[in-house]
Structures are given as structure tokens and as C-alpha cells.
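# Test case, fold it:
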Amino acid sequence: MDASWPLQKAKNQFSQVVERAMTEGPQTVTRHGKPVVVVSAVAGKQKAKRRRAKARRLLALLRSCPVDLTGVVRRDRSVARRIDLE
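Numbers count the residues shown, from 1 in each chain. Presented below is the predicted three-dimensional model:
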């Protein structure tokens, strides 16, 4: 949940901005209605960094696989079916 705070309100309630960044996610601070700063929790950044590292390791493992995997997954090229939503 990305919340938006006008600059003056963010300055007056900075503790609340930080608390919400830690519990709800990034908080955007705006000046004259335009986003200028995002306040986010360090723990979230560290978690994202760990996920990216894991993804890189998995990708490296898959790329090093000696077996040709191109024929394992085949894309269905048929036309999508129509669904009447009314």
C-alpha cells in the first residue's frame, strides 16, 4: 500500500510516516502535488536484495544445466476462448 503525504504533513507527522513505511510499505511524500521522495523501510530493501540474490543464483544454476530444456515447455498458440461476462 503506497500512501501519499503532502510535505508539510509528512514533516509534522514524520514518526507516523516512518511507522507506516515499516508496517504498510513505501510512503510517498509530495510537494505541490508531485511525488518527490519515497520513505521505505530498510528491512524491506534487505529482503528484496536477498530475493534478487536467490533469483540470480537460480538463474545461474538453470543456465549451467547441461540438458537442452527448450523442448520441455511448449507455448499454446491457440486463440483464447471468449467468455460472456453478462
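
# longest helix of the chain?
Longest helix in the chain, counting residues (DSSP state H): helix 42-63.

# Now do that one: distance to the chain's middle.
The chain centre lies 13 Å from the centre of helix 42-63; the measure is CA atoms, centre = their mean, to the nearest Å.

# With stretch 60-67 instead?
On CA atoms, centre = their mean, the centre of stretch 60-67 falls 27 Å from that of its chain.

# quick check: mean pLDDT across it?
Averaging pLDDT along stretch 60-67 gives 83.

# how far does that stretch stretch from start to finish?
Start-to-end span of stretch 60-67 (CA to CA, to the nearest Å) is 14 Å.

# so who does Ser40 touch?
21, 25-27 (CB atoms under 8 Å, 6 or more residues apart in numbering). In short, each C-beta sits where N, CA and C put it, glycine included.

# 7 Å instead, please
21, 26 (CB atoms under 7 Å, 6 or more residues apart in numbering).

# Per-residue pLDDT of it, please?
88.

# gap between it and Arg57?
Per CB to CB, to the nearest Å, Ser40 is found 25 Å from Arg57.

# repeat for Met22
28 Å.

# These two: who's more crowded?
Met22 (15 against 10; other CB atoms under 10 Å).

# from what I can see the more buried one touches Val42, true?
No. If you go by CB atoms under 7 Å, Met22 and Val42 don't touch, sitting 8.9 Å apart.

# contact partners of stretch 64-82?
Counting by CB under 7 Å, 6+ apart, no residue outside stretch 64-82 touches it.

# what's the distance between it and the middle of its chain?
27 Å.

# what's the first-to-last distance across that stretch?
End residues of stretch 64-82 are separated by 41 Å (CA to CA).

# Buried ones in it, by neighbour count?
Neighbour counts using 16 or more other CB atoms under 10 Å place no residue of stretch 64-82 among the buried ones.

# Count the residues that sit near Leu59.
10.

# how close does it get to Ala48?
16 Å.
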